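Engineer: need a 3D model of the following:
(chains A, B and C)
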Amino acid sequence: MATKQKQQTLNEFDQPIKGVSLWMDAWRRLKKNRMAIIGLVIVVLYGIISLAAPILPIHSYKKQVIDHQFLPPSFTRTAGELWYERIENQLTAMANKEGRGTLNEDEKAQLREIQQRIETETAVINDETVMVHQRRYVLGTDYLGRDMLARIIYGGQVSIAIGLIGALTAVFIGIVMGSIAGFMGGKIDYIIMRIVDIIYGLPYMMLVIIFMAIFGRNIMNLFFALAIVSWLTVARVVRGQIISLKNAEFVEAARSMGVSTGRIIFRHLVPNTLGVIIVFTTLRIPTFIMLEAFLSFLGLGVSAPFASWGSLIGDAVQGMNLYPWRLFFPALAMSIFLFFMNFLGDGLRDALDPQSKNKL
Amino acid sequence: MSNDMILEVKDLRTYFNTDDGVVKAVDGVSFELHKGETLGLVGESGSGKSVTNLSVMRLIPSPPGRIMSGSVQFEGSDVLAMSDDKIRRLRGNKISMIFQDPMTSLNPFLKISTQLIETIRLHQGLDKEAARERAVEMLKMVGIPSPEKRVDAYPHQFSGGMRQRVMIAMALSCNPDILIADEPTSALDVTIQAQILEIIKELSNKLDTAVIMITHDLGVVAGMCDVICVMYAGRIVEKGNADEIFKDPKHPYTRGLIKSVPRLDRPHKRRLYSIEGQPPNVIDLPDCCPFHPRCEHAMDICKRKYPPLRSFGETRQVHCWLFVEDK
Amino acid sequence: MAANDLLEVKNLKMHFPIEKGVLFKKQVGAIRAVDGIDFTIKKGETLGLVGESGCGKSTTARAVAQLYSPTDGEVYFEGLDLCKASKAEMLKSRMDIQMIFQDPYASLNPRMTAGDIIAEPMTVYAKRGLLKMSKQEIRHRVEELMEKVGLSRFFINRYPHEFSGGQRQRIGVARALALNPKLILADEPVSALDVSIQSQILNLLDDLQEEFNLTYLFIAHDLAVIEHISTRVAVMYLGIIAEIADSAELYKNPLHPYTKALLSAVPIPDPDIERKRQRIILEGDVPSPDQERHGCYFYDRCPNAMAGKCDKHIPRLKDVENGHQVACFLYFDPED
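Structural biologist: Just a heads-up that it's a prediction; the model follows:
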């Protein structure tokens, strides 16, 4: 039986035929696109880090240590050293302003006290007693002394989640509305599409802001608000696909067999629109993240103690001359993600493009 | 039919780089075209007949295609080695092409007159008045009613058959030496097909234009062509005069093809002759006769090497091991 | 309807409305794709429906299969008028009427395996309780069908894009056979195939007809193919049947001027014959089917048109000799 099977998978020229599904085909094409693969790796990396955040060896994202305000990023020097240095610089600057060259007794005492605290002070963080001033802040701290690295990672969790859930919700609503409109046609199609047109014409941001204002500022409402207004393009695209597929011969064949409408939509039409849907979803995620960033920038995004990339950037704008790392690192993290997400989306679009292979 | 050779294609090879491998669409094609002659390139899908003509006109999209080797001698120079400028002056002027789908070959946004006049002025340097006159003359020649009025119409205002006539008018407007017709009637109804083929025949005789007709329809070939080249998997497997090929087909593929076409003039037989198997997938073909899996007379050597050329008289050529004595 | 008739079509009309307006649509005209045709198919017979583009042959098949709701007329299948049948009755009848489509690349769902495609009719009817087959039985039958149509059953899990055109068409044929139908409506099943594959599929259809005692409604535009496979042939033009006769009779003795022109236009693969042929070249193009006609549909292009008669009355199909029917005033006078 095994040899018979082997014989069958050779073509007439005695060359082995590799059976390949359309997905594997698309995967092969994707693999050839270097930027897309890099994008995939990076996006997956971001995903892993976001999911693993609770178990990563990083500082807490919400523990405030007021003494550690505005510390610059450093790999080697401890928080204590930097704090000391900062106070020292402050005092020296003040002394110079007053015309003295050296520090007076009070100031020296202040510094000695700080030195003492650095060597002995402990704090309880996450049920652990830590030598708080021995910590290292790899990406610096913010205005409340919170670790930037941790905040960026946790912020990433929130941003990526918003992107993903928002995109998926929008796509889901879009598929349902688009399929119904495309398949049913006639008046139903007309009505749905006019609803889409009307909502499309409304100022998007204003709707979201109003929604948030009415229903309160929390993450769930944020997802909701963004999703409700963003299903429009998906609906249009899916409708277009369904309309063009509706009259395909294989759908006619299904109807001539007495296949029910439901089965036609879910077994025949939707699977053939998946390619478009996947690409769309992937390219929507950056859009959602940007939207949320914008809202946070306006102060309407997530509220403390949660952070998103957008809120981090929003907080960092004031004082960005003095403490540039607060703006630079969140922005960099977000930009890299969006950049490679877009490459991945483009690569997926090229890979899933239904080029008919057999027409020479 | 005079003996002036106007086109000589020698050992043309055009390959395409695809995701799945190298497609040797045209793999060593050679033929000659004489003045006023009609040559038919017959083959099924994947035979390479269309790619051959696109290569002659250097219209191969590159990437993914590339003309690997060979020469196309026209008026003393090699078309494949010409500068882009020179070959643009050839196209539409000395060598014209008409395509299968008249819907997509004409620009839907431009009037017929614009498209016709553009070609005429480009190659013949006439002024607008004179070019327009010539355009109307051409439309009359191809049998479009009230040409003076219809010349200003848009493509969508013509039917399929009319559009194809307009294509022919455009192609012949500069009195080319060669007209390449790539399946000109495959998309048309049979009564319209008859009209179009009549026009092509009439005009090519009148203007002494040589025609390369690409088709899969043996009936069309029998009615239009003087010389026939039968193509299979990127190569010409048999060549000869139309009469010879139909009366005495030598290559098993040609024989099979002719036998398997249902004919109106023969009594209805219960079962049609059919060639087994399917046309080959041209990717990564090994060195062998590509027809061997479907051939009744396949021998061991057919699986191992491509058969060399065997000539019969001046005009007949076959590539088949059946006709080679010492293998 | 005689005892031996499987399908009887009476005055079938399929008009597609041309509508104007945005929300409240008004009908301003209609495309008369099928404009009143009558024909019968006996059990075991093959009726060939031939004509050029726009003649309505594909629409006829779809109207018979009730993929479109006919505007008028009756379609009797085994005594039941399909146009008036209830949903349940239609569902049952569909088991006996199956279709084969033209484009092997478009008639198979690219995301389903060959096995799933062939099994689908059985799966659907089993789910509805109209067919008692278990999953294993269905699978077994799929393999059986694949062998019957000449496909190796090892390809049961392959996708359509992995098959050639001819093989895909075989999948389509297997799918049509799945429910053991009595009538198969074949809409240009070989037109999109290579010449060397056409004869394979035609032979296959022939063999299957014999083995399973099938009845075919075979649509094509290639007259030679139709002549080969049909018992009777109907020539359509602009939505009506111009002539209908036994296959051999039609080709030996065409009566309608359109049939004559059609036959003379078909190229024959023989240079001698082609050289000596006198073709009847029709003037002009096929007119569009949106006008209501008061005279013969072929009047504008007919080389034998008789003014006063052909443009004022519509000829109906009339039996001229031994089942050879023609709709032309050359053979009878208009009745007033």
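Engineer: quick one, helices of the stretch 51-200 of chain A?
Structural biologist: A:79-97, A:105-120, A:148-184, A:186-201 (DSSP state H, counting those that start in this stretch).
Engineer: sorry, wrong one. I was asking about the stretch 51-200 of chain C.
Structural biologist: Under DSSP H, counting those that start in this stretch, the stretch 51-200 of chain C gives helices at C:57-64, C:87-94, C:114-127, C:135-148, C:165-177, C:195-212.
Engineer: now those helices as TSV including mean neighbour count?
Structural biologist: To be clear about C-beta, it is placed using only N, CA and C from the backbone, and glycine gets the same treatment. TSV is the format used below for the helices of the stretch 51-200 of chain C (neighbours: other C-beta atoms under 10 Å in any protein chain shown):
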stretch	mean neighbour count
helix C:57-64	24
helix C:87-94	16
helix C:114-127	22
helix C:135-148	16
helix C:165-177	25
helix C:195-212	19
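Engineer: so which of those helices comes closest to A:Tyr143?
Structural biologist: helix C:114-127 (61.0 Å; C-beta to C-beta).
Engineer: A:Gly319 contacts A:Arg326, doesn't it?
Structural biologist: Yes: A:Gly319 is within contact range of A:Arg326, at 7.4 Å (criterion: C-beta atoms under 8 Å).
Engineer: quickly list what's touching both of the two.
Structural biologist: Contact criterion C-beta atoms under 8 Å, 6 or more residues apart in numbering or on different chains; residues bridging A:Gly319 and A:Arg326 by contacting each: A:Tyr143.
Engineer: what's the weakest-modelled helix or strand in chain B?
Structural biologist: Within chain B, no helix or strand scores below helix B:102-105, which has a mean of 77 by mean pLDDT, DSSP states H and E.
Engineer: which strands or helices does it pack on?
Structural biologist: Applying 3 or more C-beta pairs under 8 Å, 6 or more residues apart in numbering or on different chains; DSSP states H and E, one finds that helix B:102-105 contacts helix B:160-172.
Engineer: please enumerate the helices of the stretch 1-150 of chain B.
Structural biologist: Here the stretch 1-150 of chain B has its helices, by DSSP H, counting those that start in this stretch, at B:49-56, B:84-90, B:102-105, B:112-124, B:128-141, B:147-150.
Engineer: equivalent analysis for the stretch 201-336 of chain C, please.
Structural biologist: Applying DSSP H, counting those that start in this stretch to the stretch 201-336 of chain C gives helices spanning C:223-229, C:247-252, C:257-265, C:271-276.
Engineer: make JSON lines from these and add mean pLDDT and distance to B:Thr114 to it.
Structural biologist: Formatted as JSON lines, the helices of the stretch 201-336 of chain C follow (pLDDT from 0 to 100; distance: least, C-beta to C-beta, whole Å):
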{"stretch": "helix C:223-229", "mean pLDDT": "90", "distance to B:Thr114": "39"}
{"stretch": "helix C:247-252", "mean pLDDT": "90", "distance to B:Thr114": "46"}
{"stretch": "helix C:257-265", "mean pLDDT": "91", "distance to B:Thr114": "33"}
{"stretch": "helix C:271-276", "mean pLDDT": "88", "distance to B:Thr114": "38"}
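Engineer: if we can go back for a sec, just so I know, which of the helices of the stretch 51-200 of chain A lies nearest chain C?
Structural biologist: helix A:186-201 (7.0 Å; C-beta to the nearest C-beta).
Engineer: which sections of the stretch 201-327 of chain B are below the confidence cut-off?
Structural biologist: The model of the stretch 201-327 of chain B has pLDDT under 70 over residues B:268-269, B:326-327.
Engineer: give me the number of residues near A:Phe297?
Structural biologist: 15 (other C-beta atoms under 10 Å in any protein chain shown).
Engineer: so what's it up against?
Structural biologist: Counting by C-beta under 8 Å, 6+ apart, A:Phe297 touches A:Gly310, A:Ile313, A:Gly314, A:Val317.
Engineer: one step back: neighbour-wise, which of A:Gly319 and A:Arg326 wins?
Structural biologist: A:Arg326 (27 against 14).
Engineer: so that one sits against A:Gly140, correct?
Structural biologist: Yes: using C-beta under 8 Å, A:Arg326 makes contact with A:Gly140 at a distance of 6.9 Å.
Engineer: what do these two both touch?
Structural biologist: What both A:Arg326 and A:Gly140 touch, as defined by C-beta under 8 Å, 6+ apart, is the set A:Met148.
Engineer: near chain C, which residues of the stretch 51-200 of chain A show up?
Structural biologist: Applying C-beta under 8 Å from any C-beta of the partner chain, one finds that the stretch 51-200 of chain A approaches chain C through A:Tyr190.
Engineer: what about 10 Å?
Structural biologist: Within the stretch 51-200 of chain A, the positions near chain C by C-beta under 10 Å from any C-beta of the partner chain are A:Gly186, A:Lys187, A:Tyr190, A:Ile191, A:Arg194.
Engineer: turn those into CSV, including distance to C:Phe163, neighbour count and pLDDT.
Structural biologist: Output for these, formatted as CSV (distance: C-beta to C-beta, whole Å; neighbours: other C-beta atoms under 10 Å in any protein chain shown; pLDDT from 0 to 100):
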residue, distance to C:Phe163, neighbour count, pLDDT
A:Gly186, 37, 9, 83
A:Lys187, 41, 10, 85
A:Tyr190, 40, 13, 90
A:Ile191, 42, 12, 92
A:Arg194, 43, 11, 92
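Engineer: export those to JSON lines and tack on distance to chain B?
Structural biologist: Shown next, in JSON lines, are those (distance: C-beta to the nearest C-beta, whole Å):
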{"residue": "A:Gly186", "distance to chain B": "27"}
{"residue": "A:Lys187", "distance to chain B": "30"}
{"residue": "A:Tyr190", "distance to chain B": "27"}
{"residue": "A:Ile191", "distance to chain B": "32"}
{"residue": "A:Arg194", "distance to chain B": "29"}
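Engineer: before we move on, back to that, which of the helices of the stretch 1-150 of chain B sits most buried?
Structural biologist: Here the criterion is mean neighbour count by mean count of other C-beta atoms under 10 Å in any protein chain shown, and of the helices of the stretch 1-150 of chain B the winner is helix B:49-56, at a mean of 24.
Engineer: does chain A sit close to that one?
Structural biologist: Yes: residues of helix B:49-56 contacting chain A under C-beta under 10 Å from any C-beta: B:Ser50, B:Val51.
Engineer: what about the closest residue to chain B within chain C, neighbour count?
Structural biologist: Residue of chain C nearest chain B, by C-beta to the nearest C-beta: C:Pro267 (2.7 Å). Using other C-beta under 10 Å, C:Pro267 has 25 neighbouring residues.
Engineer: next up, the contacts around B:His156.
Structural biologist: By C-beta atoms under 10 Å, 6 or more residues apart in numbering or on different chains, B:His156 lies in contact with B:Met103, B:Leu106, B:Pro108, B:Arg163.
Engineer: who's the closest spatial neighbour of the closest residue to chain A within chain B, skipping the chain neighbours?
Structural biologist: Going by C-beta to the nearest C-beta, chain A is nearest to B:Pro293 of chain B, at 3.4 Å. Of all residues beyond its chain neighbours, the one nearest B:Pro293 is A:Glu12 (3.4 Å), with distances taken as C-beta to C-beta, 6 or more residues apart in numbering or on different chains.
Engineer: what's the answer for A:Leu226, then?
Structural biologist: Closest to A:Leu226 by C-beta to C-beta, 6+ apart is A:Gly166, at 4.7 Å.
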